[in-house]
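Colleague: need coordinates for the following:
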Amino acid sequence: MSPKIIRLFTFGLFLIVFGAILQFFDFPQAMLILSIGGVFELLAILLFVWNKLRKS
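Modeller: Predicted coordinates:
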């Protein structure tokens with residue numbers, strides 16, 4: 001895996017965990033942070049699959 005995909009994946013996981021923690025404290029933008037984390041995860045998965053398909 002390329003470093004770009006690993007960075008996107010770990011940043012997405014960080015945002016998801018951070019958003020889940022903020023849910024416990026009733027932070028109003030917690031769902032937004034969770035959603036942005038999901039978008040980063042989806043982007044990392046799409047880039048990973050794109051690279052695998054391009055190499056084969």
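
Colleague: only C-alpha atoms for contact and neighbour calcs from this point on.
Modeller: Noted.

Colleague: model confidence over the lengthiest helix in the chain, on average?
Modeller: Using DSSP state H to define each element, the chain has its longest helix at helix 30-55. For helix 30-55, mean pLDDT rounds to 93.

Colleague: now that helix: buried residues?
Modeller: Buried residues in helix 30-55, counted by 16 or more other C-alpha atoms under 10 Å: 30, 33-38, 40-41, 43-44, 47-48.

Colleague: now do stretch 2-17
Modeller: In stretch 2-17, counting by 16+ other C-alpha under 10 Å, buried: Ile5, Leu8, Phe9, Phe11, Gly12, Leu13, Leu15, Ile16.

Colleague: against Leu47, how distant is the fourth one?
Modeller: Using C-alpha to C-alpha, to the nearest Å, one gets 15 Å for the distance from Phe11 to Leu47.

Colleague: of the buried residues of helix 30-55, closest to Ser56?
Modeller: Within those, the smallest distance to Ser56 is 12.7 Å, found for Phe48 (C-alpha to C-alpha).

Colleague: quick check: closest non-adjacent residue to that closest one.
Modeller: Ile5 (6.7 Å; C-alpha to C-alpha, 6 or more residues apart in numbering).

Colleague: just the element for that neighbour, please.
Modeller: Element membership for Ile5 (DSSP states H and E) is helix 3-24.

Colleague: what does that helix rub up against?
Modeller: The contact list for helix 3-24, computed with C-alpha atoms under 8 Å, 6 or more residues apart in numbering, reads 30-41, 43-45, 47-48.

Colleague: which SS class is Pro28?
Modeller: coil (DSSP: H, G, I helix; E, B strand; the rest coil).

Colleague: re the thing from before, how far is the helix holding Ile5 from where the chain is centred?
Modeller: Averaged C-alpha coordinates place helix 3-24 at 5 Å from its chain's average position (C-alpha atoms, centre = their mean, to the nearest Å).
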